[in-house]
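*Asks:* mind folding the following:
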Amino acid sequence: MFATPLTFANCIYTARKNVGYENAIQGLIALKRYVMVATMNDEQVENALCSDMPDFEDMLQYEAALSSKCNVIVTRDKKRHFPQDGRIPILSPEDFLNEFFNGATF
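*Replies:* Here you go, the predicted model:
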């Protein structure tokens, strides 16, 4: 399982408002034990900048997923603007879990 540096930044931004900075950091340290961090590099930024997709942050996430050879992107935000090119399925957490527990191999 992968997460990007943006994922960690977004989590800390949201969590610190609810549980405070120190608790948020401790939560992310615990999360980091279970996920690898996908790299974000110059090529991915260039690809995201040159994309015709309307959301730069989503494209950075997408490019990192491609580079890390992810099999699926799981997001709860239904407004995400990822390419629908068939290279990486985009699933809600519910759909992912349903497919996973029904035998899908990602």
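*Asks:* what is the one helix or strand L28 maps to packed up against?
*Replies:* Element membership for L28 (DSSP states H and E) is helix 21-32. When contacts are defined as 3 or more Cβ pairs under 8 Å, 6 or more residues apart in numbering; DSSP states H and E, helix 21-32 packs onto helix 5-19. From N, CA and C alone the C-beta is placed, and that goes for glycine too.
*Asks:* quick one on the thing from earlier: which positions within the helix holding L28 qualify as buried?
*Replies:* When burial is assessed from 16 or more other Cβ atoms under 10 Å, helix 21-32 yields the following buried residues: 24, 28.
*Asks:* correct me, but Y34 touches M1?
*Replies:* Yes: counting by Cβ atoms under 8 Å, Y34 does reach M1; the two are 6.5 Å apart.
*Asks:* now for V72, how many residues are close by?
*Replies:* 15 (other Cβ atoms under 10 Å).
*Asks:* mind listing what it touches?
*Replies:* Neighbouring residues of V72 by Cβ atoms under 8 Å, 6 or more residues apart in numbering: 88-91, 96, 106.
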